[in-house]
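**Student:** fold the following for me, if possible:
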Amino acid sequence: MQNGYCIGHAAYGSAVPKAKSTGIPKKSAKKLAEENNKPATTDLQAWYEHIMKTEKPVCWETGEKIDKKDKKGWHGSIAHILPKKTFKSVATHPLNYLILKMWGGTHARYDVSWLSASKMKVWPTAVKRFIQIYPHIADSEKKYLPDVLLKELEKIEQ
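**Tutor:** Numbering: from 1, shown residues only. All right, here's what the predicted structure looks like:
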């Protein structure tokens, strides 16, 4: 080393200067404008917030309390009767939910299969609410309804 520089740079007498920043922003002006114009909450977020404010934090299947301070657990304890991914037309319908404890596993038990859901204590409530939701389901989505719920509709029509 000579004068604090390696042999390759010592010949120049100084360190290689750092490259200058190009000044390209991380986000474009268009992207920043889009983000600023987005609504504060989506319909789905507002739907969850409304339920979290109005419902008692108690699992409808087990009667166990749900900790409201645990936002993730309380939010995750709101189970859609009809999955929001498949039934977009009723994803935020005011009756399309059950309170099933996330950390206790009842939410997962409901979601694992329709057969599993139909064996739960909360099933009659799910059916009652489904019947009220049914007229609001888009015709294009009705083909995805499970047989277990369609049989419940048939019982009422008879």
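
**Student:** going by C-alpha atoms from here, please, whenever you check contacts or count neighbours.
**Tutor:** Noted.

**Student:** buried set for the helix or strand containing residue 46?
**Tutor:** Under the criterion DSSP states H and E, the helix or strand holding residue 46 is helix 43-54. For helix 43-54, the neighbour count (16 or more other Cα atoms under 10 Å) marks 48, 51, 52 as buried.

**Student:** what is the residue lying closest to the second one once chain neighbours are set aside paired to in the beta sheet?
**Tutor:** Closest residue to residue 51 in three dimensions, ignoring its sequence neighbours and counting by Cα to Cα, 6 or more residues apart in numbering: residue 78, at 8.0 Å. Applying DSSP bridges to residue 78 yields these beta-bridge partners: residue 99.

**Student:** in this protein, where is pLDDT below threshold?
**Tutor:** 1-22, 38-40 (pLDDT under 70).

**Student:** the helices in this protein, which residues?
**Tutor:** Using DSSP state H, the helices of the chain run over 7-10, 29-37, 43-54, 71-75, 106-112, 114-118, 123-133, 147-157.

**Student:** which residues are contacting the third one?
**Tutor:** Among residues not part of helix 43-54, those counted as contacts by Cα atoms under 8 Å, 6 or more residues apart in numbering are 74, 75, 78, 91, 92, 94.

**Student:** then stretch 148-158?
**Tutor:** Counting by Cα under 8 Å, 6+ apart, 114, 115, 118, 127, 130, 131 sit against stretch 148-158.

**Student:** on that earlier part again, drop anything exposed from the contacts of helix 43-54.
**Tutor:** Counted by 16+ other Cα under 10 Å, the contacts of helix 43-54 give 74, 75, 78, 91, 92 as buried.

**Student:** gap between the two ends of stretch 64-77?
**Tutor:** 11 Å (Cα to Cα, to the nearest Å).

**Student:** please shift the residue numbers so they start at 28 in all later answers.
**Tutor:** In the new count, where the first residue is 28, that last one comes out as stretch 91-104.

**Student:** what comes up buried for it?
**Tutor:** For stretch 91-104, the neighbour count (16+ other Cα under 10 Å) marks 93, 100, 101, 102, 103, 104 as buried.

**Student:** of these, which is the nearest to residue 133?
**Tutor:** Distance to residue 133 across the buried residues of stretch 91-104 (Cα to Cα) is lowest for residue 104, with 8.6 Å.
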